[in-house]
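A.B. asks: what's the 3D shape of this:
(one chain, ligands or ions: 1)
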Amino acid sequence: MSLLNLPEVRGRLTYDAPLGHMTWFGVGGPAEVLFKPADKQDLIDFVKNCPKDVPITILGVASNLIIRDGGIPGVVIRLGRDCGEIKVNGTTVTAGAAALDMNVALTAARKSVAGLEFLSGIPGTVGGAVRMNAGAYGKETKDALVSAEILFRDGTVKNMTAADMGLSYRHNSLPEDVIFLSCTLQGEKGETPDIEKKMNEIKIKRAESQPIRSKTGGSTFANPAVPEGADPKDVQKAWQLIDAAGCRGFKIGGAQMSEMHANFMLNTGTATAADLERLGEKVREKVYAQSQIMLRWEIKRIGVPLETDADIAEWMKKGNS
Ligand SMILES: Cc1cc2nc3c(=O)[nH]c(=O)nc-3n(C[C@H](O)[C@H](O)[C@H](O)COP(=O)(O)OP(=O)(O)OC[C@H]3O[C@@H](n4cnc5c(N)ncnc54)[C@H](O)[C@@H]3O)c2cc1C
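C.D. replies: Purely as a prediction, here's the structure:
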């Protein structure tokens, strides 16, 4: 991997750039190189000319991420305001990938476009929403998504329809290294006061049930799939399984499963990314022992751990404990 041969850019390249403060959890190691493109074309040119052996990772606002303590090798891209323009045409909304879900919902509401209220409570970007097929209160991104403009690792840009992306519950089938540049969402004609009322109801519901002011990553685990023919009400949600396994409030180091919402993991202030990941794995183990169901991480974990077992053994040999 040759980080010395990175293409020239109009934006900013920073070597060994801290990332922890950019994440909702407030922890994580640095990017080997952080790239903030000046605009969309700068990003496209960079990806096209970047040596193919250099890994590229794209971040939204890191509301669904644990970045491991050893950081992220290669180039990490963080989009700026120039990549977040929101345009409304009739009941169609087109948003740059960096636009916040909340701003998309607010802009739509102001233009009397209904149907995108669900985005108002999701704290990510629309790029992150398309990658995660984010959803809330009975609606998912795929229900509103018409198409997205996508940058591939070879530098080509294609428009793809939602149907081509293989979207399912918190999943997008496209390769991990594609970059969503913008997306087009379809709403419907509504009345601004009604839309704002709905958004306000969502806000109240969230504040009552989720630790939204804490250092968290949202739902830690996806809810188990509902088997064909089964009534969804009969299938336990992730938080119920975690509760049944006695893990509400369970703590490892500075990481804790929330007392308020058992499926939300928290950094209580001193957690490392390793604490968060260890806690998640322990919870999966306990849930499996109790219910024979293996929970699937919804939070994405990226980057490399800081220590290996060999590092720890070495450290202990030196008289530490
Ligand atoms: C308090 C709280 C509440 C939450 N509630 C919900 C909820 O109700 N529903 C829900 O679905 N989620 C929820 N989340 C999780 C999170 O907000 C969503 O998954 C969101 O869509 C992530 O967007 P992001 O911009 O933060 O992406 P990040 O966390 O930065 O990244 C997530 C993934 O998306 C990829 N990605 C980001 N941008 C792009 C892009 N432009 N192109 C390609 N890939 C990209 C990243 O590489 C990564 O793999 C919540 C999180 C928190 C902290």
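
A.B. asks: close to the ligand: what parts of the stretch 101-250 of the chain are there?
C.D. replies: Within the stretch 101-250 of the chain, the positions lying close to the ligand (Cβ under 6 Å from any ligand atom) are 121-125, 127-129, 131-132, 134-136, 179-180, 210, 212, 216-218. For every residue, glycine as well, the C-beta is placed using N, CA and C.

A.B. asks: what about residue 12, how many neighbours?
C.D. replies: 13 (other Cβ atoms under 10 Å).

A.B. asks: of the residues of the stretch 101-250 of the chain next to the ligand, which belong to strands?
C.D. replies: Secondary structure from DSSP state E places 135, 136, 179, 180, 216, 217, 218 of these in strands.

A.B. asks: farthest-apart pair in those residues, please.
C.D. replies: 179 and 216 (25.6 Å; Cβ to Cβ).

A.B. asks: one step back: buried subset of the residues of the stretch 101-250 of the chain next to the ligand?
C.D. replies: 121-125, 127-129, 131-132, 134-136, 179-180, 210, 212, 216-218 (16 or more other Cβ atoms under 10 Å).

A.B. asks: got the contact list for the nearest residue to residue 227 once chain neighbours are set aside?
C.D. replies: Among residues not flanking residue 227 along the chain, residue 235 sits closest, at 7.4 Å (Cβ to Cβ, 6 or more residues apart in numbering). By Cβ atoms under 8 Å, 6 or more residues apart in numbering, the residues touching residue 235 are 223, 224, 225, 226, 227.

A.B. asks: quick one: residue 235 from residue 245, how far?
C.D. replies: Residue 235 is 16 Å from residue 245, where distance means Cβ to Cβ, to the nearest Å.

A.B. asks: do the same with residue 67
C.D. replies: Distance of residue 67 to residue 245, computed by Cβ to Cβ: 27 Å.

A.B. asks: for the protein, give me the ranges with low pLDDT.
C.D. replies: Within the chain, the ranges that satisfy pLDDT under 70 run 1-2, 307-321.

A.B. asks: so what's the residue nearest the centre of it up against?
C.D. replies: Among the residues of the chain, the one closest to the centroid is residue 64, at 3.2 Å (Cα atoms, centre = their mean). Residue 64 is in contact with 24, 124, 128, 132, 217, 218, 298, 299, 300, counting by Cβ under 8 Å, 6+ apart.

A.B. asks: and for residue 68?
C.D. replies: 28, 29, 273, 274, 277, 301, 302, 303, 304, 305, 306.

A.B. asks: so what's the residue nearest to it when sequence neighbours are not counted up against?
C.D. replies: Nearest non-adjacent residue to residue 68, counting by Cβ to Cβ, 6+ apart: residue 303, 3.9 Å away. Taking Cβ under 8 Å, 6+ apart as the criterion, residue 303 is in contact with 28, 29, 67, 68, 69, 70, 71, 72, 73, 273.

A.B. asks: again, 6 Å this time
C.D. replies: Contact partners of residue 303, counting by Cβ atoms under 6 Å, 6 or more residues apart in numbering, are 67, 68, 71, 72.
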